[in-house]
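Colleague: Just a sequence and a predicted model for now, questions to come.
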Amino acid sequence: MASFINAMDAAGSGAVVTSNPSGITGSRLFLVRYALELPIYVIGCVLNVYVIYKFLRNNRKNYEASRMNRIITCLLGACLAWSVVSCIRYASWLGEAGNNLVLLTIEAFVGMGYFTLVGLILGVYSFIMLGVYATSSSNDSVLPDKELQASIWIWSTALYYTATIVAIIALYISTFFHTRNVLRMHIQTYSTSAAEMLIRKRAILEIERKVLFYSICFGFIVVICYLPEILMNGVVVAGLVNPDTQTDLLEIWKCVANVFVACDTVVTPLLVVFVGPKEVRDDSALEM
């Protein structure tokens, strides 16, 4: 804590000297990052481990047979990975070695001879981000200083979020229709009488409503959590906000966007517990 106070005094009220890649962070963003985001990510780590354990324990037999169970498990795994990586990243920026770790990582993995390998392993988006920040500094921890790198960062980020959200929504829609087709095929195959078919149809309609409800909830959470980040990039791309002259507005917006993104790692497992498969909710209720 003493190092935080000394850093605040040395840098003034408007900025805090840190070991992140830019070497300096706005005081509001610094406060939000370590007073709100980091605790949220820590909670996300614990909560996701707990829910994954409960979910797999109760659904192990149905895991391979249920597409929705596999999707939920992957979502929880992604939230857990994001929480752990964010905790390590923010913690490393507080130490004096943080900047050295970043520079050594860039030097080890982003050498000219390894660009192709990194691109294949991490994907096109990661390749672009590493390239942008390896060739340009960043004074606000948001945008690269150089115009070309800043444009690449904005457009690739906007494309990434748009493609991700569209893909997630499309996945949930396809899951709903896939589930409906499988269930209706089951009726036609195994129903032997009109009364039995009526009972099965009622049960299947109930399952279809639940799957549709799950899909809407998970898709809605994704949109809400990442909407501030998307809008921030959108207004910069559209020229409505100038990152060079409106740094205070951009910093406040970044604070809000970061908190919303961090909340995804907590809201998703809570959604699984309270509106997800019945087995997880029943198990949690018994323990309480």
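Modeller: Looks like it came in fine. Numbers count the residues shown, from 1 in each chain.
Colleague: all strands for the chain, in order.
Modeller: All strands of the chain, identified by DSSP state E, fall at 15-17, 24-26.
Colleague: rank those strands by mean pLDDT and give me the bottom one.
Modeller: Set side by side, the strands of the chain give their lowest mean pLDDT on strand 15-17, at a mean of 44.
Colleague: low-confidence ranges in the stretch 1-150 of the chain?
Modeller: 1-27, 58-68, 93-145 (pLDDT under 70).
Colleague: in stretch 39-48, what's buried?
Modeller: Buried positions in stretch 39-48, judged by neighbour count with 16 or more other C-beta atoms under 10 Å: 40-41, 43-45, 47-48. C-betas here are computed from N, CA, C, even on glycine.
Colleague: can I get the CA coordinates of it in CSV?
Modeller: Extracted C-alpha coordinates of stretch 39-48, given in CSV (Å, rounded to 0.1, in the frame of the first residue of the first chain):
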residue,chain,number,x,y,z
PRO,A,39,-11.8,-8.6,-6.5
ILE,A,40,-14.4,-9.5,-9.1
TYR,A,41,-11.9,-11.7,-10.9
VAL,A,42,-10.9,-13.4,-7.6
ILE,A,43,-14.6,-14.1,-6.9
GLY,A,44,-14.9,-15.4,-10.5
CYS,A,45,-12.0,-17.9,-9.9
VAL,A,46,-13.6,-19.3,-6.8
LEU,A,47,-17.2,-19.3,-8.1
ASN,A,48,-16.3,-20.9,-11.5
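Colleague: can you list contacts of that stretch?
Modeller: Contact with stretch 39-48 is made by 76-77, 79-80, 82-84, 86-87, 90, 259, 262-263, 265-266, 268-270, as judged by C-beta atoms under 8 Å, 6 or more residues apart in numbering.
Colleague: Those in helices, which ones?
Modeller: Judged by DSSP state H, the contacts of stretch 39-48 include 76-77, 79-80, 82-84, 86-87, 90, 259, 262-263, 265-266, 268-270 as members of helices.
Colleague: sorry, back to before: let me have the buried residues of stretch 39-48 in JSON lines, extended by distance to residue 252.
Modeller: Listed next are the buried residues of stretch 39-48 as JSON lines, based on distance: C-beta to C-beta, whole Å:
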{"residue": "40", "distance to residue 252": "18"}
{"residue": "41", "distance to residue 252": "21"}
{"residue": "43", "distance to residue 252": "24"}
{"residue": "44", "distance to residue 252": "23"}
{"residue": "45", "distance to residue 252": "27"}
{"residue": "47", "distance to residue 252": "28"}
{"residue": "48", "distance to residue 252": "29"}
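Colleague: Tell me the one among the residues you listed nearest to residue 254.
Modeller: residue 40 (15.5 Å; C-beta to C-beta).
Colleague: hmm, back to that, and the buried ones among the ones in helices among the contacts of stretch 39-48, selectable in PyMOL?
Modeller: To isolate the buried members of the ones in helices among the contacts of stretch 39-48 in PyMOL, using 16+ other C-beta under 10 Å:
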select buried, resi 76+79+80+82+83+84+86+87+90+259+262+263+265+266+268+269
